[in-house]
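[1] just need the structure, nothing else, for what follows:
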Amino acid sequence: MTETVVPDVLSEVRGQVGFITLNRPRALNALSLGMVRELMGILLAWQNDARVLAVAIRGSNKEGPFGAFCAGGDIRFLHAAGSQGNPQLEDFFTEEYALNHLIHNYAKPYIAFMDGIVMGGGMGISQGAALRVVTERTKMAMPETAIGLFPDVGGGYFLSRCPGHVGEWLALTGDTIGAGDAIESSLADGCLPADQQAPVWEALATQQFADGNAIKAFVDSKFVAASAHHTSARDQIDQYFSLPTVADIIKGLEAADSEWARNTAATLRKRSPLMLHVVLEQIRRARGMSLADDLRMERDMVRHCFNLRPGQSETVEGIRALAVDKDHAPRWNPARIEDVTPEMVAPFFESPWPVHAHPLAALS
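    Just a heads-up that it's a prediction; the model follows:
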């Protein structure tokens, strides 16, 4: 008996809406190169399909639809490809970032149902949405510094546009936030109770709408209030994460007498010291950049993460410690925040390509 192969991305047009379900629940819908290509193909086709007035995207868990949106990129693939020099590593980032750009600039309302885990690459395929829907189960983060990477997929662009210095805090620590904080941080537009997602999804397929904006307004009308938990820390976030360097931030946090500051300092001490410095520079540069320029910068940076120091990639080492050997004891180089020099950080921001030959040259 042959086993039926179920695709990792399901898509269909029902009524006036194009529906996408990420269908790789065992991997928390982590994006593979194949999934990125499938999503790009679907969205390009629907952009010119007169039947489709809007697009809705969701994840799935082992019980069925919703429950988990997308945990990011497939980091085991990144580790294997980065260790073995697999050229598909380059394709993955180029095509993923092009997909992120398309979503931000999509011609029709794109509505992301961000239930459950929304991290890394999951943020990349949702932050550009016309409507970013969270639930009481949403767990949102850009946790890349824990694996010796940086918040990519346009993270420089959308995190730097959070209020105050929330972007630096989220980017450096990788801390997880819920629905209320996501809305307050300008990373979500509204909260829908988790048990209302299926009825709303079904209504999008069966009701008649005048245009795409009417579809968006219908979902918007279902939002409920959500409470934020990190608002009490906002003053401290802005106080410390506005400081000029990572060394200043950690020094300030470790000298403070609040539990929040102590916990935050302890988190930063576990992250890649080199990448903390790179990430602070990334977020601050991105504040003055367009999305296209930020994605080009991130494409340069990710090439350097795997190739700048042959045999010493912080990213390969970080993924090894977290997801491959699972010893949770990454050997960062340098080992301490205080030992990182500006000369170590600067090369990450030098493009390996001339402008006309950049893999994302066409983005505008």
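[2] so what pairs up with V55 in the strands?
    Beta-bridge pairing of V55 under DSSP bridges involves G18, Y110.
[3] what's near enough to touch it?
    V17, G18, F19, I20, L43, W46, Y106, K108, P109, Y110, I111 (Cβ atoms under 8 Å, 6 or more residues apart in numbering). Using the backbone N, CA and C atoms, a C-beta is placed for each residue, glycine as well.
[4] how about P354?
    P354 makes no contacts at all, as judged by Cβ under 8 Å, 6+ apart.
[5] S313 too?
    By Cβ under 8 Å, 6+ apart, the neighbours of S313 are G82, G148, C305, F306, N307.
[6] mark which of the residues you listed are buried, thanks.
    G82, G148, C305, F306 (16 or more other Cβ atoms under 10 Å).
[7] what about the residues you listed, which are in helices?
    Residues of these located in helices (DSSP state H): G82, C305, F306.
[8] how about a markdown table for the residues you listed, with pLDDT and distance to I215 added?
    Putting these into a markdown table (pLDDT from 0 to 100; distance: Cβ to Cβ, whole Å) gives the following:
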| residue | pLDDT | distance to I215 |
| --- | --- | --- |
| G82 | 90 | 41 |
| C305 | 96 | 39 |
| F306 | 94 | 41 |
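[9] can you add distance to E38 and give those residues back as JSON lines?
    Listed next are those as JSON lines, based on distance: Cβ to Cβ, whole Å:
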{"residue": "G82", "distance to E38": "23"}
{"residue": "C305", "distance to E38": "25"}
{"residue": "F306", "distance to E38": "24"}
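[10] among those residues, pick out the one closest to V9, please.
    Nearest to V9 among these: G82, at 24.2 Å, using Cβ to Cβ.
[11] spit out the contact partners of the nearest residue to A335 once chain neighbours are set aside.
    Excluding the flanking residues, the one nearest A335 by Cβ to Cβ, 6 or more residues apart in numbering is P273, at 6.9 Å. By Cβ under 8 Å, 6+ apart, the contact set of P273 is V246, W332, P334, A335, R336, I337, D339, V340.
[12] ditto for V355
    Shown in contact with V355 (Cβ under 8 Å, 6+ apart): A361.
[13] lowest confidence element among the helices and strands of the protein?
    helix 75-84 (a mean of 91; mean pLDDT, DSSP states H and E).
[14] other residues contacting that helix?
    Residues from elsewhere that reach helix 75-84 (Cβ under 8 Å, 6+ apart): 30, 32-33, 86, 88-89, 92, 147, 306, 313, 315-316, 319-320, 322-324.
[15] okay, buried residues for that helix please.
    For helix 75-84, the buried set under the neighbour-count rule, 16+ other Cβ under 10 Å, comprises I75, F77, L78, H79, A80, A81, G82, S83.
[16] where does T206 fall, phi/psi-wise?
    Per-residue torsions, T206: phi -110, psi -20 (degrees, to the nearest 10).
[17] before we move on, back to that, just among the contacts of P273, which is most surrounded?
    V246 (26 neighbours; other Cβ atoms under 10 Å).
[18] let me see the contact set for that residue.
    Counting by Cβ under 8 Å, 6+ apart, V246 touches L172, L268, P273, L276, H277, L280, I337, V340.
[19] A71: which of those residues is nearest?
    Closest approach between the contacts of V246 and A71, by Cβ to Cβ: L172, at 20.1 Å.
[20] I figured the closest one was touching E281, is that so?
    No - using Cβ atoms under 8 Å as the test, L172 is too far from E281 to be in contact (11.2 Å).
[21] who has more neighbours, these two?
    Remark: of L172 and E281, L172 carries more neighbours, 27 against 20, as counted by other Cβ under 10 Å.
[22] report pLDDT for the more buried one.
    You'll see L172 listed with a pLDDT of 98.
[23] regarding it, what is its secondary structure?
    helix (DSSP: H, G, I helix; E, B strand; the rest coil).
[24] how far away is it from S364?
    Separation of L172 from S364 (Cβ to Cβ, to the nearest Å) stands at 30 Å.
[25] kindly report the same for R287.
    R287 is 20 Å from S364, where distance means Cβ to Cβ.
[26] the two: who's more crowded?
    R287 (13 against 9).
[27] contacts only, for that one.
    Residues near R287 by Cβ under 8 Å, 6+ apart: S160, R161.
[28] excluding chain neighbours, what is closest to I20?
    Among residues not flanking I20 along the chain, I57 sits closest, at 4.3 Å (Cβ to Cβ, 6+ apart).
[29] so who does the one you found touch?
    F19, I20, T21, L22, Y110, I111, A112, F113, I125, S126, A129.
[30] what helix or strand is it on?
    Taking DSSP states H and E as the definition, I57 sits inside strand 54-58.
[31] chain center to that strand, what's the gap?
    With Cα atoms, centre = their mean, to the nearest Å as the basis, strand 54-58 stands 18 Å off its chain's centre.
[32] just stretch 209-229 next, same as before
    That offset, for stretch 209-229, works out to 22 Å (Cα atoms, centre = their mean).
[33] and it, end to end?
    End-to-end distance of stretch 209-229 (Cα to Cα, to the nearest Å): 36 Å.
[34] ok so, going back, name the residues contacting each of L172 and E281.
    By Cβ under 8 Å, 6+ apart, no residue touches both L172 and E281.
[35] can you report how many residues lie near the nearest residue to E350 once chain neighbours are set aside?
    Using Cβ to Cβ, 6+ apart and skipping the chain neighbours, the partner closest in space to E350 is D300 (7.2 Å). Neighbours of D300 under the rule other Cβ under 10 Å: 20.
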